[in-house]
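*Asks:* Everything below, folded, please.
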Amino acid sequence: MGQYVIWHGAPGMKVFIDSRYDLAYPPAVVQDYLEFANNMAGGSHTLAAYPHDFVLIERDSPAVKLMDSRRDWRLIYSDDTARLYARANSPAARLEGVPFAGTARPAMFP
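*Replies:* Below you'll find the model as predicted:
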């Protein structure tokens, strides 16, 4: 998902990690990401250790279970492809109509 955000949100958006993880990121960051993405014991550490406002993950990611269990994060959007979470105390989490369920449109990347 990181590369999608970079493509559509640059230069104003920053990502924690993208598909270049094996080339562009320190091994400790990759390990933290894997623990989060696979819903391992260190997943909560990753959420606390890095400053971020949103979490965008694939709908079938093991991390969904972790994110859905967190009271400090709120699902704000979901579709057939992804789930987007915001910090529960953020303006995005308090928007009317949240969480919003959409429909992913077939699209080619980018």
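*Asks:* quick one: average confidence on the helix or strand harbouring residue 66?
*Replies:* Assigned by DSSP states H and E, residue 66 falls within helix 63-69. For helix 63-69, mean pLDDT rounds to 94.
*Asks:* so what pLDDT did residue 22 get?
*Replies:* Looking at residue 22, its pLDDT reads 82.
*Asks:* Enumerate every residue touching it.
*Replies:* Contacts here follow Cβ atoms under 8 Å, 6 or more residues apart in numbering; on that basis residue 22 touches residue 30. Quick note: C-beta positions are derived from backbone N, CA and C, even for glycine.
*Asks:* Then residue 19 would be within a helix, right?
*Replies:* No: looking at residue 19 with DSSP: H, G, I helix; E, B strand; the rest coil, it is coil, so not inside a helix.
*Asks:* What is the burial count for it?
*Replies:* Using other Cβ atoms under 10 Å, residue 19 has 12 other residues around it.
*Asks:* if we can go back for a sec, contacts for the helix holding residue 66?
*Replies:* Surrounding helix 63-69, the residues in contact under the criterion Cβ under 8 Å, 6+ apart are 36, 37, 38, 39, 43, 44, 55, 57, 73, 75, 83, 85.
*Asks:* Go again with 10 Å.
*Replies:* 33, 35-40, 43-44, 46-47, 55, 57-58, 61, 73-75, 78, 83-85 (Cβ atoms under 10 Å, 6 or more residues apart in numbering).
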